[in-house]
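> Sequence first, predicted model second:
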Amino acid sequence: MRPLFPALCLALAVQAAPALAQSPDPGSYYKLTTQFRGTGMPMDVFNGGPRNNQARLDRDQNVSGQNWRFIPTGDGSWRLTTEFRGSRMCLDINPPTNRPELRPCGNFTGQFWQIVPAGNWVRLTTTFRGPRMCLDIDPDSDQPELRPCGNYSGQFWRLGRTGRAVR
């Protein structure tokens, strides 16, 4: 059977393509970088000390804390884990600081992340704080934190596939 409106079907397929491109492959790792700091400063986690498991931007290295996995939750949200800490530690929001850190995975709305297309970039929000609070970068500490969404380069993220498959 032929479609009644082939040109319309083609136009809809082309328009849908960018949204599909924003969905990460759960079988791959990604480096998360911002427009603000560029590809040379992906998101990583502190290893030890008073900031253990807190997220931060750090210089690009071949370390497993910079390899992020997106795991679908089934409701359109994603859990974020690192190759370093494994699939049982999810990126969550610390309520008093609005800063993300790795915590044991559970049914917590701070661990449900949305990927919101923004041109050639994406914004990252959580179910916990809602669509008006975007993951941004504190320029003094290079630590991510949720802040009111605006036209700030620290809120525009790129999900760069690393080429490493999840094992």
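Looks like it came in fine. Residues are numbered from 1 along each chain as shown.
> Bridged to L57, which residues?
M43 (DSSP bridges).
> I should have written D138 there, sorry.
Judged by DSSP bridges, the bridge partners of D138 are Q143.
> Begin at 22, not 1, for the rest of this chat.
That works, and once the first residue is 22, the last one we named lands at D159.
> Pretty sure it sits against E166.
Yes. Taking contacts as CB atoms under 8 Å, D159 lies within contact range of E166: 5.7 Å. The C-beta positions use only the backbone N, C-alpha and C, and glycine is treated the same way.
> shaky segments in the chain?
22-43 (pLDDT under 70).
> quick one: the strands in it?
49-55, 64-66, 76-78, 89-93, 99-103, 110-115, 120-125, 134-139, 142-147, 154-159, 164-169, 178-186 (DSSP state E).
> by how many degrees do the longest one and strand 164-169 diverge?
Regarding strand 178-186 and strand 164-169, their directions subtend 140 degrees when assessed with axes from the mean of the first three to the mean of the last three CA atoms, to 10 degrees.
> Now strand 178-186: buried residues?
Residues of strand 178-186 classed as buried under the neighbour-count rule (16 or more other CB atoms under 10 Å) are 178-180.
> Closest one to F105 out of those, please.
Using CB to CB, L180 is the member of those that sits closest to F105, with 17.5 Å.
> beta partners for that closest one?
L180 forms beta bridges with L53, as assigned by DSSP bridges.
> my guess is it contacts V143, does it?
Yes. Counting by CB under 8 Å, L180 does reach V143; the two are 6.5 Å apart.
> what's the distance between N83 and T60?
From N83 over to T60 the distance is 14 Å, taken as CB to CB, to the nearest Å.
> Quick check on these two: which one has the bigger neighbour count.
Neighbour count, other CB atoms under 10 Å: between N83 and T60, T60 has more, with 11 against 8.
> Report the contact partners of the closest residue to S49 other than its chain neighbours.
Leaving aside its chain neighbours, S49 sits nearest to R182 (5.3 Å; criterion: CB to CB, 6 or more residues apart in numbering). Residues near R182 by CB atoms under 8 Å, 6 or more residues apart in numbering: 45-46, 49-51.
> So which of the strands of the chain is the most surrounded?
Compared across the strands of the chain, strand 64-66 shows the largest average neighbour count, a mean of 26 (mean count of other CB atoms under 10 Å).
> Sounds good, over and out.
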